[in-house]
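[1] fold the following and give me the result.
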Amino acid sequence: MAAMPVRLTQYAHGGGCACKIPPGELEEVVRGLSGAPPRDPAGELLVGLDDGDDAAAVKIRDGLALIATTDFFTPVVDDPGDWGRIAAANALSDVYAMGGRPVVAVNLLGWPRETLPFEFAAEVLRGGLDICATAGCHLAGGHSVDDPEPKYGLAVTGTADPDRLLRNDSGRAGTPLSLTKPLGIGVLNSRHKSTGERFEEAVSAMTTLNDAASAAALRAGISCATDVTGFGLLGHLYKLARASGVTAVIDAAAVPYLDGAREALRDGYVSGGTRRNLDWVAPAADLSAVDTSEALLLADAQTSGGLLLAGEIPGAPVIGELVPRGEHTIVVR
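    Residues are numbered from 1 along each chain as shown. Now for the predicted structure:
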């Protein structure tokens, strides 16, 4: 009898960005951690913990800021090479979401050395290397630990123009909202974990870099953006609108979805992370125009999702707008 193929997703309690610590709990943990500034710092901190941006930014000199970020997670797909590519693209996305360019990254690997063969780990690392090569980012070294669950990601350093950062708190009323990748990655990944079905469109979306979208945003003069990952569209939009002091209005009918996403939702493939996202946002949102299923799709925990931009770029659908702050931080119509 032929051996059953190894399914990496079965070695993790969650998958991808859906296994993030819930946003409300995370905010409680990091509240008050800003503290006193370091003595004699090498640069000026431009973006830190305050508004939940995608990465930290430090101004080193006129015209040059360093962008620093890290991201890692448990397997989101069964194929080790695809998982490596997805995890790397997701980590690099935080730099693109700030308007930067990744320069160098190091690997972060947790591996159950007595459970899974190291040949699979090599494929994961090779996938990360392939994505970094495509991004023009050096990948050099890293750190590994023996871990009951497999985990992989990158710590990334990039550069940006300190006067042209994309950030959460610079949204202005009257600005359209654009989304550069369709939603639905979370429910499709949940279905994949449960059934083994492979969704090529989802893998393609997760391994597509946000470099072109970031560059287009800078060319368009956009200053406010975030990427859509584990907190879902509603969660990341809530953070953006709250930091910018505006209300975000979403046209639910304009939001694009991957093929099969609605069917996966209908069949019950909704992660706990998605439900926690909706619970977190709901008190600050007017969701009366949509049913619970539609709201769950809008809160779907994405992995390596697209950029959410306060502005327009070619090829990205407009899904709503920012308006003056009202009774709710988010309104879905």
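[2] domains in the protein, by residue range?
    Split into domains by automatic domain parsing, the chain comes to 8-160, 168-332.
[3] weakest of the ones you listed in terms of mean pLDDT?
    Comparing mean pLDDT across the domains of the chain, the weakest is domain 8-160, with a mean of 90.
[4] name the SS class of the most centrally placed residue in the chain, please.
    Residue closest to the average C-alpha location in the chain (Cα atoms, centre = their mean): residue 229, at 2.7 Å. Under DSSP: H, G, I helix; E, B strand; the rest coil, residue 229 falls in the coil class.
[5] list the contacts of it.
    17, 20, 90, 93, 236, 301, 302, 303, 304, 305 (Cβ atoms under 8 Å, 6 or more residues apart in numbering). In short, each C-beta sits where N, CA and C put it, glycine included.
[6] now the phi/psi pair for it, please.
    phi -130, psi -120 (degrees, to the nearest 10).
[7] hmm, back to that, quick check, nearest of the contacts of residue 229 to residue 46?
    residue 93 (19.2 Å; Cβ to Cβ).
[8] roughly how far does that closest one sit from residue 322?
    22 Å (Cβ to Cβ, to the nearest Å).
[9] give me the more crowded residue out of those two.
    residue 93 (29 against 24; other Cβ atoms under 10 Å).
[10] all helices of the stretch 51-200 of the chain, in order?
    80-97, 118-135, 185-195, 200-206 (DSSP state H, counting those that start in this stretch).
[11] mind checking which of those helices is nearest residue 295?
    Nearest to residue 295, of the helices of the stretch 51-200 of the chain and by Cβ to Cβ, is helix 185-195 at 13.1 Å.
[12] strands of the stretch 101-250 of the chain, residue ranges please.
    101-111, 138-146, 151-160, 176-179, 225-227, 246-250 (DSSP state E, counting those that start in this stretch).
[13] and the contacts of the first one?
    Same thing as strand 101-111. By Cβ under 8 Å, 6+ apart, strand 101-111 touches 67, 70, 72, 88, 91-92, 95-96, 118, 121, 124-125, 128, 132, 135-147, 149-160, 211.
[14] which PyMOL command selects the buried ones in those?
    Here is the PyMOL command that picks out the buried ones among the contacts of strand 101-111, judged by 16 or more other Cβ atoms under 10 Å:
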select buried, resi 67+72+88+91+92+95+96+121+124+125+128+132+135+137+139+142+149+150+151+152+153+154+155+156+157+158+159+160+211
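[15] wait, which of the strands of the stretch 101-250 of the chain is closest to residue 194?
    Of these, nearest to residue 194 by Cβ to Cβ is strand 151-160, at 20.5 Å.
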